Structure formats: structure tokens, C-alpha cells
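need a 3D model of the sequence below.
(one chain, ligands or ions: 1)
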Amino acid sequence: MNKENATEEEQMADGKARDAWAAPQENPKYLWMSGEQVDWDKATVHASRLGWSAISMVFEGIRGYWNAEHEKLYIFHLDAHLKRLMQSMRVMRMRSPWTTQELSQHILELVKANEFRGDIYIQPTAYFGEGTPGYLAVQERPGEIIIHNRAASSTLGSGNAVTCGVSSWNRISDNVMPPRVKAIANYQNSRYVADESSRHGYDFGIILNQQGKVTEISYACIFIVRDSVAITPPASAGTLESITSEVVIELLEKELGVPVQQRDIDRTELYIADEAFICGTGAEVQAISSIDGYQFGDGNVGPLVSKLEQLFHDVVRGKTSGHAEWRTEVY
Ligand SMILES: *Cc1c(COP(=O)(O)O)cnc(C)c1O
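Presented below is the predicted three-dimensional model:
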């Protein structure tokens, strides 16, 4: 998409399309709050708890895909997401009152109760609740968990390619605010980046670390393709340990025969790539049409990304019998 000549209105409409998956359509009937399924409207937290409680808040973003043909709803990589939630809580020194098996069961019951017949997004969130000022060190205390879920549309197969620009903001680092932890507070970094990139007319900003190496997009990972080899930065560069990246690496190597390198990427290496794409639970797999105005191919979805996106779609939606272990059937 060429942003340079777009009017402000067009840019806003485009931004809306991009963020459509995040836009609440209609509230579901229930969410899950500290052990109980609660009516959406009754799930309230006192105003005095706002603010500091967010410091230690960690979360997961999980997608569920509807297979209309078989009338089945599949949650993608539920166990891996719950495992990572526990890891994030551990770094926060937060104990979970529920095991991953229990949370998994509660998620399935919640989604069933909401009777979704379409793609969904599920967000378990853990934080220190009542009586724990967030600015004080809290040692090994139980956290509270809220799970909400909503309808969320998918961009897979849309043929859309996004524009990116390298951000002037740097990525947080392991000894500052560990990017490995999926923490709400880390999103302050993402927010500065997203604000800058949209002001400059890009869909997404690419964040470099303090050493000037590529890390990720504000909430998704980045891959480039050079001479039929896919390259993505390692977690040690300052990325979240992405579940989608792991899936993509396996699909590329095992199914598409594309070797993958996990290594540092320089800024200018982005510019000379043949293709590039972003991936993540929210972002799914989306081609990048240009970075800092350097266009890849004709600016449309490239041949390798096109194949990968199709394969990813078939796997998450259960259009193929392969990789059934990554899907949890709700109904
Ligand atoms: C969640 C997230 C991602 C994507 O991780 P997935 O496991 O693929 O969903 C990437 N970056 C950040 C900052 C994230 O919070």
C-alpha cells in the first residue's frame, strides 16, 4: 500500500482495516475472573486498583480459528501459551493459584459458554490484585487471573502486504525490562514505536536494540528472506520468545524446505532482502511490502510468503490433518 499519496481519511480507514481484529464487535456473554465465570458487565475492578496493578501484569494472546466447513473451533497452541504465561509469572515472582491444566479447562469452558461461531482471541491476564502496591517488591505471592475472550477477524489470505519503517526508538533489553516476559508494561515501548510509525505513515515500526540490530515489530516478529533462506533475530537480540515464530520455523524447514537462520540482522540487510514478513498471534503471517520505502519485488505478497501464509492458514484452521497436536478442539 502506498501511504505517501493517501489522504488522512484513507490512512485512517486503512488503519481501521489493519486493527479490525482488535476492534470489539460485540461483548461476549462471559469472562473468567479469579475462579469464576462472570457476566461480562459484572466483571468489575475498583477504580482505586487502576495504575500500579499494571506494573506486574503479564498476559497471553491466544487465537481460536473457526472451521466453517466442519463447524469446529480450534484453539491454536493453547498449552504453549499457558506454559509461557507461567514463565512470565515466574519472572514477576507471582504464583499461579491454578495449574496450566486447570486454566486450559477454564478457557475451554468459557469459550463454550460464549458459543462463538467464528474466529476468536483469548487473553488470560495475571496481576497482583488487592492490597499490593505495585511499586513495592512482592515476593512469591499468588496473582489474580482474568481471562477474557472476543470475536477477532483474521487477515490470513487477504493478499494484504504491510509497510514498515525502522523506528528511532530502541528496544527494551533483558536487564532493563526483559522482553522475554509478556508484560503489559513492556508495551510502553511498543506504544512509542507504533505512535511514531503511524505518524510517519507506516503500518508498523521495526525496533532496533541498543547495538543497532533488528529485534521485532511492536507486537510481532520479523523474518526476511535472502536467496531462499529465511532469517530472523534470536531471542537474545531482544525479542519475545514467540510461539508463532517457532511454528513458522518448523513449517519453513520441514514443509517448505526453506532453511532458517536465527542470527543478528543489520538495518541495511532489511533493505536488500528478497521478501520479508511479520508474524505473531495477533499479526498472524503478513507480508511486508516495503521497509523505509525500499520495496520488495512488486510490493505485493512475495512467492515464499504467499506459500507460507496459505500453509499457516490451513494448519491453524484445521484444513489439513497435519499438526493436529497444535490445535485444541473446543467443539
Ligand atoms: C505476543 C508478542 C509477540 C508475538 O508472540 P507470539 O507468541 O507469536 O504470539 C511478539 N512481540 C511481542 C512484544 C509480544 O507481546
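
would you state the helices of the chain in chain order?
With DSSP state H as the criterion, the chain has helices at 8-18, 78-91, 100-114, 187-199, 243-250, 267-271, 303-316.

can you check what angle separates the longest strand seen in the chain from helix 187-199?
Among all segments of the chain classified by DSSP state E, the strand with the greatest residue count is strand 161-170. Between strand 161-170 and helix 187-199, the angle formed by their directions is 120 degrees, by axes from the mean of the first three to the mean of the last three C-alpha atoms, to 10 degrees.

parallel or antiparallel, list what pairs with strand 161-170.
Applying DSSP bridges, strand 161-170 is found paired with strand 204-208 (parallel), strand 284-291 (parallel).

circling back to that earlier point, to the ligand, which of the helices of the chain lies closest?
When those are ranked by proximity to the ligand, the top entry is helix 243-250, at 3.1 Å, counting by C-beta to the nearest ligand atom. The C-beta positions use only the backbone N, C-alpha and C, and glycine is treated the same way.

and that closest one, does that touch the ligand?
Yes. Using C-beta under 6 Å from any ligand atom, we find that helix 243-250 touches the ligand at 243, 244, 245.

which stretches of the stretch 51-200 of the chain have low pLDDT?
Counting by pLDDT under 70, the stretch 51-200 of the chain has low-confidence residues at 130-135, 137-138.

rerun that using 90 as the cut-off
When the per-residue scores of the stretch 51-200 of the chain are filtered using pLDDT under 90, the ranges that remain are 51-56, 128-143.

quick one on the thing from earlier: so which bits of the longest strand of the chain are buried?
Of the residues in strand 161-170, those buried under the neighbour-count criterion (16 or more other C-beta atoms under 10 Å) are 161, 162, 163, 164, 165, 166, 167, 169, 170.

now that strand and helix 303-316, what's the angle there?
Regarding strand 161-170 and helix 303-316, their directions subtend 100 degrees when assessed with the same axes, to 10 degrees.

hmm, strand 161-170 in reach of the ligand?
No. Residues of strand 161-170 contacting the ligand under C-beta under 6 Å from any ligand atom: none, with a closest distance of 13.3 Å.

from the chain's centroid, how far away is that strand?
Relative to its chain's centre, strand 161-170 lies at 17 Å (C-alpha atoms, centre = their mean, to the nearest Å).

can you tell me which residues in the stretch 201-331 of the chain are near the ligand?
216, 219, 220, 221, 240, 242, 243, 244, 245, 280, 281.

how is this structure carved up into domains?
With automatic domain parsing serving as the domain definition, the record reports that the chain contains domains spanning 24-151, 156-316.

once you drop chain neighbours, what's closest to the residue in the stretch 1-150 of the chain that the ligand sits nearest to?
Nearest to the ligand, among the residues of the stretch 1-150 of the chain, is residue 61, at 5.4 Å (C-beta to the nearest ligand atom). Once its chain neighbours are removed from consideration, residue 61 has its nearest residue in residue 281; the separation is 4.6 Å (C-beta to C-beta, 6 or more residues apart in numbering).

test my guess that that neighbour contacts residue 65.
No. Here residue 281 does not reach residue 65: they are 11.3 Å apart, not a contact under C-beta atoms under 8 Å.

which neighbours do those two share?
Both residue 281 and residue 65 are in contact with residue 76, where contact means C-beta atoms under 8 Å, 6 or more residues apart in numbering.

between the residues of the stretch 201-331 of the chain next to the ligand, which has the most around it?
Note: the member of these with the most neighbours is residue 216, at 28 neighbours, neighbours being other C-beta atoms under 10 Å.
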